[in-house]
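Asker: requesting a structural model of the entry that follows:
(2 chains)
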Amino acid sequence: MSNPDPTAVVDELSWRGLIAHSTDLDALRGVLAAGPVTLYYGCDPTAPSLHVGNLVGLIVLRWFQRFGHRPIALAGGATGFIGDPGGRNSERTLLTAEEVERNVERIGRQLAQFVDLTDGRGLLVNNMDWTAGLSVIDFLRDIGKHFPVNVMLAKETVRARLDSGGISYTEFSYMLLQSMDYLELFRREGCRLQVGGSDQWGNLTAGLDLIRRVEGETAHALSWPLVTSATGEKFGKSTGGGSLWLDPALTSPYAFYQYWLNVDDRDVGPYLRFFTFLDHAEIEALESATVERPQARAGQRTLAEQLTTLVHGPDELARVQAASAALFGGGALEELDEQTLAAALSEAPSVSLTGEAPSLVDLLAEGLALSKSDARRAVREGGAYLNNNRLTDESAVPAETDWLHGRFLVLRRGKRSVAVVERTR
RNA sequence: GGCGGGUUGCCCGAGUGGUCAAAGGGAGCAGACUGUAAAUCUGCCGGCUCAGCCUACGAAGGUUCGAACCCUUCACCCGCCA
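Answerer: Numbering: from 1, shown residues only, chains lettered A, B, ... in the order given. Presented below is the predicted three-dimensional model:
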């Protein structure tokens, strides 16, 4: 898709609620109108995978690409080494060089999945490339000289840290590195726009200042609002507390799909706008459907479908939908044929068994990653199920007839956590 | 460098010799109600070979019949002074 009006990307993002702060929007439109604009978004490799928090950035890059612009996805091999002081009240634990390197490699692959890199339409870079060889003296002279400490101290991220636990010189310097990235990309690639979450605003504007001082030119910044949820919980914390990762090894596509399927009614509309590329009419229709017939959860279903496809692909989507239908369909598991059941269960965490079966409490603990105390408690509280039947006996052992098709036991804790035990002989 | 304050379970935070696995809140989990939602109510929320035992209150050592609580040393954090 190529839109005839390259400035319309601003209106699109605005309609979707993806603009929180911006530098001069009219000036930005002017730049966008003048031709394809190169812009960048950076992620630090603090973990071996991107998470949903990074998803907005990737989607914004895609929007720009759709409107004919040229996105750069930056993996922060250098900045991740230092640690962003923002959004925390204490110092980060430094990652080792091996960890950063490994994370950069993995995150780079994920970034490449979201941005079309063919024929120079997009670019993937690592800021370590221009930071590693820099000497301290050059850095202090060429970059540090342009940063008034009084201005840095006034930045929200720094001030918050001064009020809580203090901040090391290392993290204090983070802003300089990020600004230097922008300057570097401005020089190398003619990058004129940096996008980021609103918590990055201070860092974004620091980059603009640097470019103005060094190059005497105006660059732009655009931020999106922090994604929140209606209940005030941290967005993207999957049930169970962990982050919602994009890597299927860290968050299974099934769990990923279920997360979106369970989104609060009040969040569906905003999330459809933020996270999908559906057109306005379709989103508005889903928004009214959510108001009129909330129990159908049409919005949640579409959201879950769209995002699972975006991140994990259509094949995974089909599998997790089959699994969800089997596990939440309300029908008896015994009635599912072996093939369907096996396919559905392939999405759930599983335990393989060869010999005699241990107690169900042991299996619950292992399959659902609980402590045995927790597993015991779940049974005691009536929150543990075998093949959709509530367990009541803490010392129960699976009976021969419990094995579905002679192969499977379906264990469940509460409504949503499912694990499968598979027996091989 | 000096003086003072602090370090408690996932987070915040009470606890100053036995009744402490440690108040209260938040987060989380389960049950009921529902729509695999929200709100609400109820229960749970260190581990285990679970009516008992083990491990835990920054670290190590000590006093004591007994220590999260007292003493010593060390580490880190926060103030004020230099």
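Asker: which stretches of the stretch 101-250 of chain A form helices?
Answerer: Under the criterion DSSP state H, counting those that start in this stretch, the stretch 101-250 of chain A contains helices at A:128-131, A:136-138, A:149-154, A:156-163, A:169-172, A:174-189, A:201-215.
Asker: redo these as a markdown table? Include mean neighbour count, mean pLDDT and distance to RNA strand B.
Answerer: Heads up, the C-betas are built off the backbone N, CA and C, glycines and all. Output for the helices of the stretch 101-250 of chain A, formatted as a markdown table (neighbours: other C-beta atoms under 10 Å; pLDDT from 0 to 100; distance: least, C-beta to the nearest atom of the strand, whole Å):
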| stretch | mean neighbour count | mean pLDDT | distance to RNA strand B |
| --- | --- | --- | --- |
| helix A:128-131 | 17 | 95 | 26 |
| helix A:136-138 | 9 | 93 | 22 |
| helix A:149-154 | 12 | 84 | 13 |
| helix A:156-163 | 16 | 75 | 7 |
| helix A:169-172 | 15 | 83 | 12 |
| helix A:174-189 | 22 | 95 | 17 |
| helix A:201-215 | 20 | 94 | 21 |
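Asker: to A:L353, which of those helices lies closest?
Answerer: helix A:128-131 (46.1 Å; C-beta to C-beta).
Asker: quick one: list the elements packing against the closest one.
Answerer: The contact analysis (3 or more C-beta pairs under 8 Å, 6 or more residues apart in numbering; DSSP states H and E) places helix A:128-131 against helix A:174-189.
Asker: now the angle from the helix it packs on to helix A:201-215?
Answerer: Following axes from the mean of the first three to the mean of the last three C-alpha atoms, to 10 degrees, one obtains 50 degrees for the angle between helix A:174-189 and helix A:201-215.
Asker: so what are the domain limits for chain A?
Answerer: Split into domains by automatic domain parsing, chain A comes to A:8-224, A:253-329, A:347-423.
Asker: among those domains, which is nearest A:L244?
Answerer: Between A:L244 and the domains of chain A, the tightest spacing by C-beta to C-beta is seen for domain A:8-224, at 4.5 Å.
Asker: endpoints of the closest one, how far apart?
Answerer: 17 Å (C-alpha to C-alpha, to the nearest Å).
Asker: quick one: distance of it to the chain centre.
Answerer: 17 Å (C-alpha atoms, centre = their mean, to the nearest Å).
Asker: state the pLDDT value of A:E284.
Answerer: The model reports A:E284 with a pLDDT of 96.
Asker: distance check, it against RNA strand B.
Answerer: 18 Å (C-beta to the nearest atom of the strand, to the nearest Å).
Asker: pretty sure A:R390 contacts A:R380?
Answerer: No: counting by C-beta atoms under 8 Å, A:R390 stays clear of A:R380, with 11.6 Å between them.
Asker: where does chain A get nearest to RNA strand B, residue-wise?
Answerer: Closest contact between chain A and RNA strand B, by C-beta to the nearest atom of the strand, is at A:G414 (2.1 Å).
Asker: spatially nearest residue to that residue, not counting backbone neighbours?
Answerer: A:G383 (5.2 Å; C-beta to C-beta, 6 or more residues apart in numbering).
Asker: kindly report the same for A:M128.
Answerer: Using C-beta to C-beta, 6+ apart and skipping the chain neighbours, the partner closest in space to A:M128 is A:G77 (3.4 Å).
Asker: helix or strand with the lowest mean pLDDT in chain A?
Answerer: Between all helices and strands in chain A, the lowest mean by mean pLDDT, DSSP states H and E belongs to helix A:156-163, at a mean of 75.
Asker: got the CA positions of it in CSV?
Answerer: Taking Å, rounded to 0.1, in the frame of the first residue of the first chain, the C-alpha atoms of helix A:156-163 are listed here in CSV:
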residue,chain,number,x,y,z
GLU,A,156,12.1,14.3,34.4
THR,A,157,14.0,11.1,34.3
VAL,A,158,17.0,12.5,36.1
ARG,A,159,15.0,14.6,38.6
ALA,A,160,12.9,11.6,39.6
ARG,A,161,16.0,9.7,40.3
LEU,A,162,17.6,12.5,42.3
ASP,A,163,14.5,12.4,44.5
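Asker: confirm the residue nearest to A:M128 sits in a helix?
Answerer: No: under DSSP: H, G, I helix; E, B strand; the rest coil, A:G77 sits outside any helix and is assigned coil.
Asker: number of residues surrounding it?
Answerer: For A:G77, the neighbour count with other C-beta atoms under 10 Å is 24.
Asker: let me see the ranges of the strands in chain A.
Answerer: A:21-22, A:38-43, A:70-75, A:123-126, A:191-197, A:220-224, A:350-353, A:384-386, A:389-390, A:408-413, A:417-423 (DSSP state E).
Asker: pipe these into CSV and attach mean neighbour count, distance to A:S288 and mean pLDDT per row.
Answerer: Below are the strands of chain A laid out as CSV (neighbours: other C-beta atoms under 10 Å; distance: least, C-beta to C-beta, whole Å; pLDDT from 0 to 100):
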stretch, mean neighbour count, distance to A:S288, mean pLDDT
strand A:21-22, 18, 30, 92
strand A:38-43, 24, 33, 95
strand A:70-75, 26, 33, 96
strand A:123-126, 19, 40, 96
strand A:191-197, 25, 29, 95
strand A:220-224, 23, 25, 95
strand A:350-353, 16, 41, 87
strand A:384-386, 22, 36, 92
strand A:389-390, 12, 38, 90
strand A:408-413, 24, 34, 91
strand A:417-423, 22, 33, 89
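Asker: can you redo those strands as a markdown table with distance to A:L153?
Answerer: Formatted as a markdown table, those follow (distance: least, C-beta to C-beta, whole Å):
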| stretch | distance to A:L153 |
| --- | --- |
| strand A:21-22 | 20 |
| strand A:38-43 | 23 |
| strand A:70-75 | 26 |
| strand A:123-126 | 30 |
| strand A:191-197 | 21 |
| strand A:220-224 | 20 |
| strand A:350-353 | 53 |
| strand A:384-386 | 54 |
| strand A:389-390 | 59 |
| strand A:408-413 | 49 |
| strand A:417-423 | 47 |
